[in-house]
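J.: With the sequence up front, the predicted model follows.
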Amino acid sequence: MLPTYLLSLREGLEMALIIGIVLGALTKIRRDDLTSSVWLGTLSAAGVSILTAVLLTSFGMSLEDRAEQIFEGVTMLIAAGILTWMIFWMRKQARFLKSELEAGVNKAAASTGKRAVFWLAFVAVVREGVELALFITAAFFTGDQSQVTTNIIQTLAGTILGLGTAILLGWTLFATTVRLDLRRFFQVTGILLILFAAGLVAHGVHEFNEVGWIPAVIEHVWDVNPILDETSLIGQLLRTLFGYNGNPSLTEIIAYFAYLIVVSIFWRREDTAPVKATAQSKA
């Protein structure tokens, strides 16, 4: 539940910011008549996103044995890749998001009006929604598949709570004088989601170990399940949140830490780039 809550909170807040910026831009140019098109585009994007999540999860659950393992492995790695890209994209583009959306609204309002604004809202929201659908599917399959009903309930609860919190935060930002430190918010959630993505990579490698696509080299480097069983409540939480495995293979461990090292290098480079640019401009 915690991973889906975190994912839904972050993606949901991005959606709320996008919708708020678009609505604010329409108010600024006095085109409140186009507000209904924004909400129609948003609801249509939400419908597509929900359908995507249902289809992906249902398809994965319909598979068995080797096909299921391949599907889960591919889904984990794709989700980890998109999640990583999304985190770094937001770090780079967040400062330009408002101006780009407002420019798009002005252009849409001046051209075909309602249709253009509908598609502007739809495309902006559906991108985040489909990403969230893929992440939720990946998070679902990292859970305990022997308790499908419980897993579904926890996934739905985490998603609903995360989106609900995002809506509340979004409304607070635009309707009151309260200001959330968005830079700090995305930085903290970004770090947590990188750890989650590392777990997805390791889990994907584990599935490919099972089907023989990636050799385990050493099947079980250690076994700490007697101390912290991965099927226990805490073990399941760590498994879904950080990819915990009580008896991992060598290639799982290599994949997990290789991902963290590479991402840490790029993360540090992103942090030092603005400092260097500022120093050069002062010189």
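T.: Yep, that arrived.
J.: Is residue 167 in contact with residue 16, as I believe?
T.: Yes: the pair residue 167 and residue 16 qualifies as a contact (Cβ atoms under 8 Å) at a distance of 6.1 Å. Using the backbone N, CA and C atoms, a C-beta is placed for each residue, glycine as well.
J.: Have a look at those two and say which one is more surrounded.
T.: residue 16 (22 against 15; other Cβ atoms under 10 Å).
J.: what's the following helix or strand after the host helix or strand of that one?
T.: Counting by DSSP states H and E, the element that carries residue 16 is helix 2-28. For helix 2-28, the succeeding helix or strand toward the C-terminus, using DSSP H and E, is helix 35-62.
J.: Between helix 2-28 and that following helix, find me the angle.
T.: 160 degrees (axes from the mean of the first three to the mean of the last three Cα atoms, to 10 degrees).
J.: where's helix 35-62 relative to the chain centroid, distance-wise?
T.: The chain centre lies 15 Å from the centre of helix 35-62; the measure is Cα atoms, centre = their mean, to the nearest Å.
J.: what does stretch 74-84 give?
T.: The answer for stretch 74-84 is 10 Å, by Cα atoms, centre = their mean.
J.: again with stretch 14-24
T.: 18 Å.
J.: Count the residues that sit near residue 234.
T.: For residue 234, using other Cβ under 10 Å, the count is 11.
J.: On the three-state scheme, it is what?
T.: helix (DSSP: H, G, I helix; E, B strand; the rest coil).
J.: Would you mind measuring from the closest residue to it other than its chain neighbours to residue 247?
T.: In space, and not counting its chain neighbours, residue 234 is closest to residue 228: 6.6 Å by Cβ to Cβ, 6 or more residues apart in numbering. The spacing between residue 228 and residue 247, counted by Cβ to Cβ, to the nearest Å, is 11 Å.
J.: Give me the distance from the helix or strand containing residue 116 to the chain's centre.
T.: Take DSSP H and E as the rule and residue 116 turns out to sit in helix 114-142. Taking Cα atoms, centre = their mean, one finds helix 114-142 lying 10 Å from the centre of the chain it belongs to.
J.: Would you mind listing the buried residues in that helix?
T.: Judged by neighbour count using 16 or more other Cβ atoms under 10 Å, the buried positions of helix 114-142 are 114, 116-118, 120-122, 124-142.
J.: and residue 263, how many neighbours?
T.: Quick note: residue 263 (other Cβ under 10 Å) scores 19 neighbours.
J.: correction: residue 246
T.: 19.
J.: now do the one 3 residues further on
T.: The tally of other residues near residue 249 (other Cβ under 10 Å) stands at 22.
J.: ends of stretch 168-184, how far apart?
T.: Chord length of stretch 168-184, first to last residue, is 18 Å (Cα to Cα, to the nearest Å).
J.: my guess is residue 161 contacts residue 8, does it?
T.: Yes: using Cβ under 8 Å, residue 161 makes contact with residue 8 at a distance of 7.4 Å.
J.: The two: which is more packed in?
T.: Taking neighbours as other Cβ under 10 Å, residue 161 and residue 8 compare with residue 8 leading, 25 against 16.
J.: Done for today, thanks.
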